[in-house]
Structure formats: C-alpha cells, structure tokens
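Undergrad: Any chance you can model this:
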Amino acid sequence: MQRKGASRASVYIAAVVVAVILVVAFAYAASSLSTPTGGKTTGTSTLPTSSTSTSTTSTTSTTSTQQTGTGISTEGDWVTYHGNVSRDGDDTYLPDITTPSVAWQTNVDGPVYAEPISFNGSVFVATEDDTLYSLSATTGTIQWSAQLGNPADSLAAPYACNGGYPSIYPRIGITGTPVIDPSTSTIYVVALNYSQGFNLLAVNTNTGQVRWSLPVTASGFQWTPEEQRGALTLADGFVYIPFGSYSWSCGEDGGPFGWFIGLSSTGNSTSYSFRATTTSEADIWTPEGASVGSSGDLFIVTGNSYYNATYNNADSVIELTPRLTEVSYFAPSNWAYLGPQDLDEDTTGATLLPGNLVFSIGKAGIAYLLNETDLGGIGGQLASLPVCTGGAWGSTSYANGVVYIPCANGLFAVQVKGGASPSLVPLWNATLGFMGPPIVAGNAVWTLNEITSSLYALNPTTGAIMANISEVPEYTMPHFETPSVAGNLLVFGDNTSVLAISPNDAGSSLTVNSVNQQGSAIIGEYTVLYSSNGSVINTGFTPTTYATTIGDTYQIRVDSYGSCTFSNWSDGVTSNPRTFTASSSGLSLTAVFTCGTSSSSTDAPRPTVSGNATAGVANV
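TA: Numbers count the residues shown, from 1 in each chain. As a prediction, the model looks like this:
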C-alpha cells in the first residue's frame with residue numbers, strides 16, 4: 001500500500017538489507033487459451049491459491065462501434081507509458097542535447113499525473129478533472145478537449161476520513177497514463193466518474209469523439225476504495241487496467257485489493273480479471289502499470305499486505321497470461337517482514353531488459369534481477385543489490401546495459417551484466433533529492449525533482465549534470481511525474497500545465513511579406529503556416545513572422561483576396577502553398593500579387609479559416 005494514514009515524510013524510510021535465500025524454482029502454466037512458449041521449470045512447490053482469476057464474455061453490442069482508422073505510428077511517437085511495453089523509457093529519436101530551452105507551455109484545467117503521450121504530431125494530456133486534451137506537438141496549441149467524466153471530490157467521504165485524504169486532491173479523475181492504438185487512431189482512457197465508478201473510453205485521436213465507453217468492473221470488484229494510478233497496457237486485443245488503494249485508506253469493507261482487469265479493445269464487453277490476494281491489499285499502484293514480455297505474458301508488481309501469516313502474492317513480481325492466469329512469481333526472501341513495515345515492492349514496476357531479464361526495485365531499495373521465463377518464486381532472483389535509502393519510486397528506465405533508478409535520495413545508475421552469472425554493478429549516483437521516473441533521450445537521462453520541480457538532464461555515463469531547467473513553481477510537481485518524447489521535443493506535466501523542452505537551441509523563423517508586381521508593399525494578405533503533415537500551426541497577415549524549428553519541414557500559404565491575386569514568390573517559385581525547411585539563418589519569403597487598379601498598399605483584414613494544407617487548394 002502507498003502511504004496509509006501517514007504523512008508524506010514517514011514513507012521515505014531507510015532501506016532494508018535482504019539476505020538472499022535461493023529456493024527451488026517452480027512452474028505453473030495455465031490459460032483459458034493456450035500454454036505460452038518457453039515453459040517453466042517444474043519444481044516441488046506449487047503456486048499459492050490466494051489469488052483469483054475470472055473471465056466474463058458477452059456478445060452484447062455497445063452503443064457505438066469501433067472505427068477503423070488509418071493512423072500509422074511514426075518515429076518520435078510515444079504511444080504508451082515510457083514509450084513501449086517493456087517500459088524501458090529509451091528513446092532514440094530526440095536530437096542530442098546541447099542548450100535545452102522551453103519551447104512552449106500550455107495551461108490545462110487540472111493537475112496532470114499521467115505521462116503525456118504523443119502520436120501523429122499531437123500530444124495527449126489527461127487531467128484529474130476528467131479532461132483529455134490534444135495539443136499540437138509543435139506549438140502546444142489546444143486542438144481539441146473532451147470532458148470524459150465527473151471527477152470525485154477527494155476531500156470528502158468516502159475518500160477522506162479520520163482527518164486524512166488521498167495524496168491526489170482536490171479532485172480525482174484521470175490518473176493512469178492512457179494508451180494509443182496507432183492502427184485505429186484510438187486513445188484508451190480510464191476516467192473516474194463520481195458516484196458511478198471507473199469507465200474505459202475509446203476516443204478518436206483526430207477529433208476527440210468518444211467511440212465507445214464501458215464500465216470497468218469484475219466479480220467482487222468494489223471501485224470506491226480502488227485507485228487507478230497505473231498506466232494502461234494495450235496487448236493481445238485487450239486494454240489492461242491495474243488498481244490499488246489510495247495513499248489514505250478509510251478501511252472500507254471488501255477492499256482495497258490489488259486488481260488487474262482486461263477489457264476488449266473493441267468494446268465488445270469481453271473481460272478478464274485477476275485479484276492478487278484473497279486476504280488483503282497487494283495493491284498494483286505503480287505508475288508504470290504492466291509490462292509485456294516476449295511470450296505475450298504480462299508482468300505486474302504488487303505492494304505490501306499487513307497479513308503475513310502465509311505468503312499471499314503481496315510484495316511480488318507476478319507473470320500472467322493474456323487471459324490473466326498466474327504463471328510464475330517472485331518475492332523477496334523476507335516478504336513476511338516487508339508487509340507489516342509498509343515496504344511495497346510495487347513502488348516501481350517490472351522493467352523488461354534484453355536477454356529475458358526483468359528488473360524490479362521497491363520501497364526497501366533492493367534491486368532484483370529476475371529470469372523472465374521463470375521468475376523464481378520466493379528468494380529466486382538471479383542477482384540482487386542494495387541501491388538506495390528511502391526507496392525507489394515511480395519507474396526505472398534502461399538503455400545500453402544500464403538501469404536508471406529514481407530514489408528518494410537521488411538518481412542511481414546500475415550496470416546489468418548478463419550471461420551465465422548475471423550481476424548488478426553500481427555505476428554512479430546523482431544525489432539531487434527526491435527524483436521522478438527517468439527516461440533516456442537525446443543522449444541524456446531526463447528526470448524531474450519532485451520537491452524543487454526542476455528538470456535535470458544527466459550524462460548517462462557519469463551522472464554529471466548537463467542541464468537544469470527550473471520553470472515550475474516549487475512544490476507543485478505531481479507525484480511520480482515523468483517526461484516523454486513528442487517528435488523533437490521533451491514534454492511533461494507540472495501541475496495544471498504542460499511544458500515542452502527543445503533539447504537544443506533550434507529556434508528559427510519565417511518572415512512572410514507581400515508586394516504587387518511593381519514591388520510596392522501590400523499589407524494584410526492572409527497567410528497560413530502548416531506542419532509537414534498538413535496540420536495548421538499558425539495564421540497571420542502580412543507582414544508576419546512565424547517561429548520555426550531548425551531542420552523541420554513546413555508549408556506556407558498566402559491567399560488571394562479582393563482585387564489581388566497570387567502570382568508567384570519573389571524567388572520564382574509558383575507553388576502555393578510551398579514547402580520549405582527551416583534553417584539556422586531563418587528565412588524571408590515575399591509573395592507577389594497581381595492587383596487591379598483599386599489596390600493600394602493596404603487591404604482589408606481577411607476572415608480566418610481552419611483546416612489542413614489541402615483545404616481549398618490543390619493537393620501538394
């Protein structure tokens with residue numbers, strides 16, 4: 001559990017040194033569909049019977065149908081938490097860092113706890129006011145917003161009691177990071193509706209229209225005490241949704257428990273569910289959500305349970321089939337101690353590494369390296385290493401053989417050595433305070449300090465500070481906020497706004513002028529600047545100057561109006577719109593118009609228009 005009935009400071013406790021006890025590995029393979037490849041080693045022990053897995057199938061039609069889209073994932077897209085289902089947070093598209101600066105900042109209606117994700121030139125942002133936004137990745141302009149529910153008042157019952165309330169306040173709406181299916185241009189979001197519960201919504205990424213909505217439920221599931229903080233996972237035709245308790249629990253009957261629920265991505269009401277334990281807790285609240293292995297199995301991590309008479313799936317890494325049948329698990333050898341001490345293993349998730357390896361580290365600060373094909377049972381890790389005090393929080397990242405770990409006392413780098421005798425070797429630590437989940441992009445490790453609200457770029461090899469951007473007022477950073485990548489920009493939520501960071505000083509500009517054929521200036525010709533994919537970036541009237549990014553490709557259009565008709569550009573180009581690539585020296589273009597005798601050096605303002613680069617003009 002996160003932080004029951006306690007102040008925030010009380011949870012940053014000292015690390016526990018774990019004695020490693022190797023036990024006989026065991027296996028269990030069961031699924032309602034098929035046995036996954038790479039079967040588990042058979043042993044004398046059996047899987048615990050404290051978990052429950054159920055499925056429900058219905059052919060009842062939903063109120064709307066899934067639309068077939070044509071969206072295609074391109075380089076620079078970030079469609080799920082930490083960029084992929086391995087949850088490694090490793091991006092190879094962002095340009096190398098030189099002199100980072102703020103590219104844009106956009107205000108939204110509520111706190112942003114979910115990681116912003118991106119697709120097809122847009123950044124998607126979810127807020128605790130149950131609002132989903134689509135922003136232009138280039139400018140931050142709001143393209144559309146959709147109100148997806150009525151958020152709950154977390155300062156009132158049943159969320160508040162005995163003088164306490166959850167760490168997310170004053171409202172709880174959308175907390176878990178959404179996920180995008182590029183093949184259908186659909187973004188899946190779970191929104192909390194006050195007095196109604198959680199709904200899974202499928203939303204058109206192009207328009208914000210809700211394609212369908214389903215309640216998130218399962219046999220025995222009570223939504224009131226459950227928090228949906230973990231990221232959604234899209235795999236095998238299902239959207240998987242993790243649940244755990246709030247930071248302040250009022251001790252409701254029937255929960256909270258760690259729940260993991262899968263709903264069909266087509267909205268046909270087929271569902272599967274897994275409850276981690278029948279005793280108590282074992283929450284699944286890490287912001288990372290579930291990862292997906294090479295076999296298609298899912299990996300979740302559970303939190304503590306105060307019940308420790310027998311092992312009950314708490315403080316564990318658990319492997320599940322796509323139909324949510326338990327396959328294997330790992331628990332530290334001192335699991336019985338961890339539970340009563342509130343030492344959750346699921347303060348981070350299960351990050352999947354090359355070589356069929358799994359990395360996990362929790363509130364005790366002990367890192368574990370596991371075998372993906374058989375997690376090993378109690379004490380069955382391949383390697384372990386005490387890393388930090390105060391615990392690791394949020395999610396780790398991995399790139400080039402190194403895991404980067406956010407801790408209460410800084411960011412730590414640990415080298416992973418595979419082979420016949422896998423091991424974990426400490427590399428460096430940057431003692432910068434309480435750090436958020438890092439990502440690796442632009443040849444830097446990016447991480448947010450949760451207390452000072454500063455964004456750090458660190459050298460991946462040495463941990464040296466490459467840049468420090470302090471753009472957010474102190475003490476406003478949401479818990480476990482993590483950056484993401486949108487094309488050539490790094491984006492993150494601070495509190496009620498979203499910031500985009502350019503990794504280098506890539507600013508450039510385009511100036512557009514207009515003249516008649518005699519060379520006299522014409523003022524007020526309407527112009528439209530488009531991105532390379534035809535999305536409107538900005539509009540203006542000549543003479544006007546647009547901000548551009550070095551190396552990016554754009555289209556610029558000028559409109560004929562009144563007695564003046566576009567003829568050509570002064571450099572002889574006749575296409576309109578015309579394509580150009582922004583350079584470091586900037587660009588100035590002059591449109592030449594053929595005008596009647598009534599034309600003058602001024603002209604009446606044009607009505608604004610919207611659309612894409614092909615609206616009202618020939619295709620280019």
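Undergrad: all contacts plus neighbour counts: C-alpha atoms, from now on.
TA: Noted.
Undergrad: Contact partners for the nearest residue to residue 415 once chain neighbours are set aside?
TA: Take residue 415 and drop its neighbours on the chain: the residue closest to it by C-alpha to C-alpha, 6 or more residues apart in numbering is residue 402, 4.4 Å away. Shown in contact with residue 402 (C-alpha atoms under 8 Å, 6 or more residues apart in numbering): 413-416.
Undergrad: got it, and residue 408?
TA: The contact partners of residue 408, by C-alpha under 8 Å, 6+ apart, come to 12, 388-393, 433-435.
Undergrad: neighbours around residue 163, how many?
TA: 7 (other C-alpha atoms under 10 Å).
Undergrad: Torsion angles phi and psi at it?
TA: For residue 163, the backbone dihedrals (degrees, to the nearest 10) come out as phi 80, psi 10.
Undergrad: coming back round to it: may I ask which of the contacts of residue 402 has the most neighbours?
TA: Busiest of the contacts of residue 402 [other C-alpha under 10 Å] is residue 413, holding 24 neighbours.
Undergrad: Give me the three-state assignment for that residue.
TA: Three-state call for residue 413 (DSSP: H, G, I helix; E, B strand; the rest coil): strand.
Undergrad: Please name the nearest non-neighbouring residue to it.
TA: residue 404 (4.6 Å).
Undergrad: Would you check that the one you found makes contact with residue 395?
TA: No. Residue 404 is not in contact with residue 395 according to C-alpha atoms under 8 Å; the separation is 9.1 Å.
Undergrad: re earlier: and the residue nearest to residue 415, how close does it get to residue 369?
TA: In this structure, residue 402 and residue 369 are 12 Å apart, going by C-alpha to C-alpha, to the nearest Å.
Undergrad: Show me the one in the contacts of residue 408 that has more neighbours than the rest.
TA: Of these, with other C-alpha under 10 Å as the count, residue 392 tops at 36 neighbours.
Undergrad: quick one: contacts for that one?
TA: Applying C-alpha under 8 Å, 6+ apart, the residues near residue 392 are 347-348, 361-365, 405-408.
Undergrad: rerun that using 6 Å as the cut-off
TA: 362-363, 365, 406-407 (C-alpha atoms under 6 Å, 6 or more residues apart in numbering).
Undergrad: Mark which of those are part of strands, please.
TA: Among the contacts of residue 392, the members found in strands (DSSP state E) are 406-407.
Undergrad: okay if I get the contacts of residue 392 as a markdown table plus neighbour count?
TA: Output for the contacts of residue 392, formatted as a markdown table (neighbours: other C-alpha atoms under 10 Å):
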| residue | neighbour count |
| --- | --- |
| 362 | 29 |
| 363 | 31 |
| 365 | 29 |
| 406 | 30 |
| 407 | 31 |
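Undergrad: Distance of residue 307 relative to residue 227?
TA: Residue 307 is 20 Å from residue 227, by C-alpha to C-alpha.
Undergrad: what about these two, which has more around it?
TA: Just comparing residue 307 and residue 227: by other C-alpha under 10 Å the higher neighbour count belongs to residue 227, 26 against 16.
Undergrad: So the more buried one is in contact with residue 242, correct?
TA: No. Residue 227 lies out of contact with residue 242 (C-alpha atoms under 6 Å); the separation is 8.6 Å.
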